[in-house]
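A.B. asks: Have a look at this prediction, sequence included:
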Amino acid sequence: MEPRKDLLDIASLTLEEIEFVLKTAGPFKELFTKSIKKVPPLRGKTVLTLFYEPSTRTRSSFEIAAKRVSADVTNFAVSSSSVVKGESILDTIDTLQAMKCDYVVVRHGAAGVPNMIAKHTKASVLNAGDGFHAHPTQALLDAFTLRETFGSLTGKKILIVGDILHSRVARSVGRICEKLGMQVGVLGPGSLIPKSRPSFMRMFHSFEDALDWKPDTVYLLRVQLERQKDQFFPSLNEYHNVYGLTDERFRRLESEGTWVMHPGPVNRGVELGDAVMNYERTLINQQVENGIAVRMAALYWLKPQTT
Amino acid sequence: MEPRKDLLDIASLTLEEIEFVLKTAGPFKELFTKSIKKVPPLRGKTVLTLFYEPSTRTRSSFEIAAKRVSADVTNFAVSSSSVVKGESILDTIDTLQAMKCDYVVVRHGAAGVPNMIAKHTKASVLNAGDGFHAHPTQALLDAFTLRETFGSLTGKKILIVGDILHSRVARSVGRICEKLGMQVGVLGPGSLIPKSRPSFMRMFHSFEDALDWKPDTVYLLRVQLERQKDQFFPSLNEYHNVYGLTDERFRRLESEGTWVMHPGPVNRGVELGDAVMNYERTLINQQVENGIAVRMAALYWLKPQTT
Amino acid sequence: MEPRKDLLDIASLTLEEIEFVLKTAGPFKELFTKSIKKVPPLRGKTVLTLFYEPSTRTRSSFEIAAKRVSADVTNFAVSSSSVVKGESILDTIDTLQAMKCDYVVVRHGAAGVPNMIAKHTKASVLNAGDGFHAHPTQALLDAFTLRETFGSLTGKKILIVGDILHSRVARSVGRICEKLGMQVGVLGPGSLIPKSRPSFMRMFHSFEDALDWKPDTVYLLRVQLERQKDQFFPSLNEYHNVYGLTDERFRRLESEGTWVMHPGPVNRGVELGDAVMNYERTLINQQVENGIAVRMAALYWLKPQTT
């Protein structure tokens, strides 16, 4: 396996690389049952987080992960200052490069920004979500969670529900599931299913049709409430009735032993109701926990060119 | 003494527990006179600060305290992101629990939120102020400061002045002083003295009456200027004249050797004037310093269930 | 050499002190080529950053520098909280003093605030920019960069271009260059050249005249776009034509082997165009890198009175 500098998307990862990250995350997760959850591999290294979009969970998850592998973390607060001063991304990249940070964790509203940064810096770049493009650590943590739950994934079925068109999560999760041998179904408002979707994505036209397909797990995407002003669907109520886990659909999932996933944070009453949160086959909290273990593994795996 | 997971309020603490924290804070404070002020007990532990209300002093005090006992600290920036996204507190708690943090320091505008978090997570929860309910580390640092000043507190008198009704500080400080054997007097605008106050709180009707009672220390509460739009009292000037340390009252305190306390930050010219800040019996700066020592002691004392 | 507590401006530094910082920064910079860029001198020490004006680059540079000498860093988020609560700077200083931090890094919009803080606290104060007064670590990093480039600076010429009147950078950089034996020229809109400038500053009336003087390096000041509402000059376009590195002027610099500096972040198209960023004699990125090394050296050099 060649050393790799950056983690930008799932599409460019080999199966061997994916397996390496998943395998490494296991022992990191076991640490969380110990009194001391910290190990020394990145001692003395600098991790910079660079979030152009607000985020609490993903940023905190990366920060805790970085500290648990003993790195020093600095938040480069882009929104509050440089952006105001009109600094271009290229100049920010030059600054990062000059600061000799070892790892840069970046989230940006425009697809491709992490790739551009990766090309111009010796630091390892970890994409924490770029526009509608990719969110590879989300996909890796979901794959880790699926493996924990199902063991071998070959032939297993995942149904992804929601706004597929605008979702970097759907893109990255769909891709990794396909690479690991799963069947991938998608369901969502017609206007929010991409016409040029990858051929492995099987499209369904109603939740009931999709459940007849007998998915092993249903993966509900988050409704971006802030985008709802664009009126992609009539109302949140209407969304819940057609694409949400209504009580009726939940009873069916429960009786068939289907698992439920969601990248968080959940809009209760939209994607799913309160009952689902307490369902024993809901993997949402495992996804959060595994997120830290997988991000520790990703930091451990990547090789910056800063030495 | 039973191990305790959380520090939520003063009312539920035994005298033995209070004494343990105060006794432990002593050597931590002595460290501050050394070149290296850091000790290793929480090495490898994760502290998460979760502030739903803005705070500089209390958050920084906890952060410095946590670092001085060698913990790693991550600020979970709730206001800027998850709250905007409409995440419920219950889901945030699930996230915290999944992240396997060892300690959570929480401030929230609603009473009871820290208790709710404590019930649902294995992490130790430290209440950094919740609504009008409690602010236990403030009370502990004030008790530590009083002990430093007076030695035994039995029979000593404290007069708390200001908006007793809306003050978590008054509630927690009053409670700990009573537990440690002090007499507690309160003074404030009639509309801001709770009718159902604890019986140990002796109420005064004027500052002059209260000073005739010969308190050993006067504890001035902060006027929450941001609440003054509700017009609890006519004006800041009027407040100063009736409930503030005017020059005249200050001369009386000085001549009687009375001590002065305030939780900070002070509104100069409202609760007290410039002269009081330089008074040799003003304990405000000791309160800040002791805050770090007491928070180190509280972190050292609590036992998370995360192992 | 006497030990020094604070770094407040360049004017009060002896040549011996400047040389000490520059000499110490060298080995720190060499660390950046190693896998581990961290050294232990400030282990267990607390650095507080206190920024009353927004800043990403300078604050991050100090934070990374402090962590690379193994200090613990806490950001005292003044703008979001205490300032809102109306806390006076004097009371903030008392708080800092009580918290027993070892180093305070402060930026403020008013000249003299760092001096005031330094006088009232035992912590070492590092001025990270105060009003139009001083920005000493900027000057030190620029001096370090000039030394790297030219070796001895005696007789070398620097031309500083822009709003000299309102620039703490111009003040501090001009001063250190003069102390190190350089000739200093200034160029800018007539209304933005101080009438009472130090006598060593030679004033030019056009960019062409200034280039005829054969400067070894041109130092372009940042146009504070946020101040442009005050209409110090007609338009950004006009500014570029008269005081910017136009293509024509850039070709002349290139042919004469002149170096280019800028404190960042650059306004592309105003102070300089895209071509200059890729020019082999542009020192902008070295300035950023050297900033971290010089700030490590400054922290290493200063002696707080906190023990």
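C.D. replies: In hand now; what should we look at? All of these numbers come straight from a predicted model, not from anything done at the bench.

A.B. asks: For the rest of this, base every contact and every neighbour count on C-alpha atoms.
C.D. replies: Noted.

A.B. asks: Quick one: residues contacting the residue of the stretch 151-300 of chain A found nearest chain B.
C.D. replies: Among the residues of the stretch 151-300 of chain A, residue A:289 lies closest to chain B, at 4.7 Å counting by Cα to the nearest Cα. Residues counted as contacts of residue A:289 (Cα atoms under 8 Å, 6 or more residues apart in numbering or on different chains) are A:29, B:98, B:99, B:100.

A.B. asks: Show me which positions of stretch A:107-123 end up buried.
C.D. replies: Buried positions in stretch A:107-123, judged by neighbour count with 16 or more other Cα atoms under 10 Å in any protein chain shown: A:107, A:108, A:111, A:112, A:113, A:114, A:115, A:117, A:118, A:121, A:122, A:123.

A.B. asks: follow-up on the earlier one: give me the mean pLDDT for the helix or strand encompassing the residue of the stretch 151-300 of chain A closest to chain B.
C.D. replies: For residue A:289, the element it lies in under DSSP states H and E is helix A:284-301. Averaging pLDDT along helix A:284-301 yields 98.

A.B. asks: Would you mind writing the CA trace of it as CSV?
C.D. replies: The C-alpha trace of helix A:284-301 is given here as CSV (Å, rounded to 0.1, in the frame of the first residue of the first chain):
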residue,chain,number,x,y,z
ILE,A,284,-27.1,7.0,15.5
ASN,A,285,-25.1,7.1,18.7
GLN,A,286,-22.7,4.4,17.6
GLN,A,287,-22.1,6.5,14.4
VAL,A,288,-21.0,9.4,16.7
GLU,A,289,-18.7,7.3,18.8
ASN,A,290,-17.2,5.5,15.8
GLY,A,291,-16.7,9.0,14.2
ILE,A,292,-13.9,9.7,16.7
ALA,A,293,-12.3,6.3,16.4
VAL,A,294,-12.3,6.5,12.5
ARG,A,295,-10.9,10.0,12.5
MET,A,296,-8.1,8.9,14.9
ALA,A,297,-7.4,6.1,12.4
ALA,A,298,-7.5,8.5,9.4
LEU,A,299,-5.0,10.9,11.1
TYR,A,300,-2.8,7.9,12.0
TRP,A,301,-2.9,6.6,8.5
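
A.B. asks: picking that back up, could you dump the buried residues of stretch A:107-123 to CSV with distance to chain C and secondary structure?
C.D. replies: Output for these, formatted as CSV (distance: Cα to the nearest Cα, whole Å; DSSP: H, G, I helix; E, B strand; the rest coil):
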residue, distance to chain C, secondary structure
A:107, 17, strand
A:108, 17, strand
A:111, 23, coil
A:112, 21, coil
A:113, 19, helix
A:114, 19, helix
A:115, 20, helix
A:117, 15, helix
A:118, 17, helix
A:121, 12, coil
A:122, 12, coil
A:123, 12, coil
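
A.B. asks: What is the nearest of these to residue B:164?
C.D. replies: Nearest to residue B:164 out of these is residue A:107 (Cα to Cα; 45.8 Å).

A.B. asks: returning to what we had before: which of the contacts of residue A:289 ranks first by neighbour count?
C.D. replies: Of all the contacts of residue A:289, the highest neighbour tally under other Cα atoms under 10 Å in any protein chain shown goes to residue B:99, namely 27 neighbours.

A.B. asks: Quick check: closest non-adjacent residue to that one.
C.D. replies: residue A:289 (5.1 Å; Cα to Cα, 6 or more residues apart in numbering or on different chains).

A.B. asks: that older thread, kindly present the buried residues of stretch A:107-123 as a markdown table, with separate columns for distance to chain B.
C.D. replies: Shown next, in a markdown table, are the buried residues of stretch A:107-123 (distance: Cα to the nearest Cα, whole Å):
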| residue | distance to chain B |
| --- | --- |
| A:107 | 14 |
| A:108 | 15 |
| A:111 | 21 |
| A:112 | 23 |
| A:113 | 21 |
| A:114 | 21 |
| A:115 | 25 |
| A:117 | 24 |
| A:118 | 26 |
| A:121 | 27 |
| A:122 | 26 |
| A:123 | 23 |
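
A.B. asks: Run a quick neighbour tally on the closest residue to residue A:76 other than its chain neighbours.
C.D. replies: Of all residues not flanking residue A:76 in the chain, residue A:50 sits nearest, at 5.3 Å (Cα to Cα, 6+ apart). When neighbours are counted by other Cα under 10 Å, residue A:50 registers 20.

A.B. asks: Now do the helix or strand that contains residue A:50 against helix A:284-301, angle only.
C.D. replies: Secondary structure from DSSP H and E places residue A:50 in strand A:46-51. For strand A:46-51 against helix A:284-301, the angle by axes from the mean of the first three to the mean of the last three Cα atoms, to 10 degrees is 130 degrees.

A.B. asks: tell me the domain ranges of chain A?
C.D. replies: A:15-135+A:290-301, A:136-288 (automatic domain parsing).

A.B. asks: Just put those in TSV and tack on distance to residue C:247.
C.D. replies: Shown next, in TSV, are the domains of chain A (distance: least, Cα to Cα, whole Å):
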stretch	distance to residue C:247
domain A:15-135+A:290-301	20
domain A:136-288	42
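
A.B. asks: out of those domains, deepest packed?
C.D. replies: Ranked by mean neighbour count under mean count of other Cα atoms under 10 Å in any protein chain shown, the domains of chain A are led by domain A:15-135+A:290-301, which reaches a mean of 21.

A.B. asks: Now do stretch A:265-285: distance from first to last residue.
C.D. replies: This stretch, stretch A:265-285, spans 11 Å end to end (Cα to Cα, to the nearest Å).

A.B. asks: what about that stretch, near chain B?
C.D. replies: Yes. Stretch A:265-285 comes into contact with chain B (Cα under 8 Å from any Cα of the partner chain), by way of A:265, A:266, A:267, A:285.

A.B. asks: and those, which of them are in helices?
C.D. replies: residue A:285 (DSSP state H).

A.B. asks: Looking at the residues of stretch A:265-285 next to chain B, which one is closest to chain C?
C.D. replies: Using Cα to the nearest Cα, the residues of stretch A:265-285 next to chain B come closest to chain C at residue A:265, 25.4 Å.

A.B. asks: Could you check how far that closest one is from residue B:113?
C.D. replies: Distance from residue A:265 to residue B:113, by Cα to Cα: 19 Å.

A.B. asks: ditto for residue A:123
C.D. replies: 41 Å.

A.B. asks: With residue A:184 instead?
C.D. replies: 41 Å.

A.B. asks: How about residue A:34?
C.D. replies: Counting by Cα to Cα - residue A:34 and residue B:113 are separated by 28 Å.

A.B. asks: cool, residue A:118 as well?
C.D. replies: In terms of Cα to Cα, residue A:118 sits 42 Å off from residue B:113.

A.B. asks: Spell out which residues sit in contact with residue A:129, please.
C.D. replies: Residue A:129 neighbours (Cα under 8 Å, 6+ apart): A:106, A:107, A:108, A:109, A:135, A:136, A:168.

A.B. asks: for the last one, what are its contacts?
C.D. replies: Under the criterion of Cα under 8 Å, 6+ apart, the neighbours of residue A:168 are A:129, A:130, A:131, A:132, A:133, A:134, A:135.

A.B. asks: now those in JSON lines, with distance to residue B:57 and pLDDT?
C.D. replies: Converted to JSON lines, the contacts of residue A:168 look like this (distance: Cα to Cα, whole Å; pLDDT from 0 to 100):
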{"residue": "A:129", "distance to residue B:57": "33", "pLDDT": "97"}
{"residue": "A:130", "distance to residue B:57": "35", "pLDDT": "95"}
{"residue": "A:131", "distance to residue B:57": "37", "pLDDT": "94"}
{"residue": "A:132", "distance to residue B:57": "40", "pLDDT": "92"}
{"residue": "A:133", "distance to residue B:57": "41", "pLDDT": "95"}
{"residue": "A:134", "distance to residue B:57": "39", "pLDDT": "96"}
{"residue": "A:135", "distance to residue B:57": "36", "pLDDT": "97"}
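
A.B. asks: tell me which parts of the stretch 1-150 of chain A are close to chain B?
C.D. replies: A:32-38, A:54-57, A:60-61, A:63-64, A:67-68.

A.B. asks: dump the residue contacts of the closest residue in space to residue A:305 that isn't next to it in sequence.
C.D. replies: Residue nearest to residue A:305 in three dimensions, not counting chain neighbours: residue A:122, with 4.9 Å by Cα to Cα, 6+ apart. Counting by Cα under 8 Å, 6+ apart, residue A:122 touches A:97, A:102, A:304, A:305, A:306.
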